[in-house]
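**Student:** Quick one, what's the 3D model for this:
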Amino acid sequence: MRILNPFPRGILKWPWRHPYIFMKRSKFWCAPFFLAVTWTTGCGVFLRTRPVEDQYSKAPLKQATQQELIDSINAQAESIHSLKATVDIDSSAGGMKKGQVTDYKEIRGYVLAKKPDSLHMIGLMPFVRTTAFDMVSEGQNFKLWIPPKNKFVIGKNEVTTPNISQPMENIRPHNIYEALLIRRVDPKDEIAVLENGYETLHDGKGHRVLQEDYELTVIKKAENGWALERKIIFSRTDLKPHEQFIYSEDGKVATDAKYAEYKDFSGTIFPSRIQIYRPQEEYDITLNMLKVEINTPLKDEQFVLVQPPGAQVVHLDRPQSSLVLAPAPGQHN
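**Tutor:** Residues are numbered from 1 along each chain as shown. Reported below is the predicted structural model:
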């Protein structure tokens, strides 16, 4: 069956680094996964400037009750069934465990997301704009096609043993999906507790200033009782989610997602920049939304990725090294 490309013809870019990592940045280092642009164009890193976005607001802070915040999260979650976006993607990999941080070249990308858990992302090579990678989430599994290297990667959506030496091998579309679309708070098996907290911002001279925020902690029913699931941070300037912590079963932060520059996309207020940081695997991805279409009808076949004939297959979840290639159908060792 021939699967049509669900995206328009047409680069990804990577901006600001997570605030609690301060490391030596590598200028010449290659990761053998996901960002095929580094495989085919080298590993040089562009120098970039970053906007200052954490200045505190002098306007009166807004107020909301716990239920009002829950209702706003649920209303947004229930109003969005699918998302189609043109994005610029920025990324960094590495940190304390690896001993250095690497910033990757920018490329353009396209993202499709459909509830309950489907995600399809394509990245394009800079300048020539041919496909750098094509990644799809299929339930518990994901597939990744890298045309410049003729590699077809297959793996689980859950990373059981992160590869610290190659952080980008730990990227999974499921983690992008759950940060992209904040889930509703389900009263059937979740409990939310509101905390009046503070966030550290900066004034015009760069001095640290504490500003009040709302922090909604969500716990869920687990096999052995209740477990910490996530925490949603609301800015008091607009009462919108500006950060979300998603926790693993052992209570560690699995994902730290930041949301900034909310804009009106065809009647839906949605963040135009989403930074997804995975501290255990030590990588972050930033999606800068250039164009967003909400609730555009998407078909199931738009989330199918067929292995191309003759492609080299990489099974990430097998005991051998992720760089060991399995022969494609019809090929022999």
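**Student:** need the helices for the stretch 101-250 of the chain, in chain order.
**Tutor:** Applying DSSP state H, counting those that start in this stretch to the stretch 101-250 of the chain gives helices spanning 173-180.
**Student:** what about it, any weak spots by pLDDT?
**Tutor:** Residues of the stretch 101-250 of the chain meeting the criterion pLDDT under 70: 101-105, 159-170.
**Student:** which residues of it fall in strands?
**Tutor:** For the stretch 101-250 of the chain, the strands defined by DSSP state E, counting those that start in this stretch cover 101-103, 107-114, 118-124, 131-138, 141-146, 151-156, 190-202, 208-222, 225-235, 241-247.
**Student:** And those: which comes nearest residue 288?
**Tutor:** Ranking the strands of the stretch 101-250 of the chain by proximity to residue 288 (Cβ to Cβ) places strand 107-114 first, at 9.6 Å. (Glycine included, C-beta is placed from N, CA and C.)
**Student:** and of the strands of the stretch 101-250 of the chain, who's closest to residue 76?
**Tutor:** Using Cβ to Cβ, those put strand 241-247 closest to residue 76, at 8.5 Å.
**Student:** can I assume residue 123 is in contact with residue 130?
**Tutor:** No - contact criterion Cβ atoms under 8 Å: residue 123 and residue 130 do not qualify, at 10.4 Å.
**Student:** Show me which of those two is the more surrounded one.
**Tutor:** With neighbours defined as other Cβ atoms under 10 Å, residue 123 and residue 130 compare such that residue 123 has more, 23 against 10.
**Student:** distance of that one from residue 315?
**Tutor:** In this view, residue 123 and residue 315 are 22 Å apart by Cβ to Cβ, to the nearest Å.
**Student:** can you redo the strands of the stretch 101-250 of the chain as TSV with distance to residue 301?
**Tutor:** Converted to TSV, those look like this (distance: least, Cβ to Cβ, whole Å):
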stretch	distance to residue 301
strand 101-103	35
strand 107-114	11
strand 118-124	10
strand 131-138	11
strand 141-146	14
strand 151-156	18
strand 190-202	33
strand 208-222	33
strand 225-235	32
strand 241-247	29
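**Student:** Mind checking the ones you listed for the one nearest to residue 179?
**Tutor:** Comparing the strands of the stretch 101-250 of the chain under Cβ to Cβ, the one sitting nearest is strand 241-247, at 6.9 Å.
**Student:** follow-up on the earlier one: so which of the strands of the stretch 101-250 of the chain gets nearest residue 175?
**Tutor:** strand 241-247 (8.4 Å).
**Student:** Contacts made by stretch 140-148 with the rest, please.
**Tutor:** Applying Cβ atoms under 8 Å, 6 or more residues apart in numbering, the external contacts of stretch 140-148 come out as 33-34, 36, 39-40, 125, 130-136, 151-158, 172-174, 305, 307-308, 311.
**Student:** Cool, thanks, signing off.
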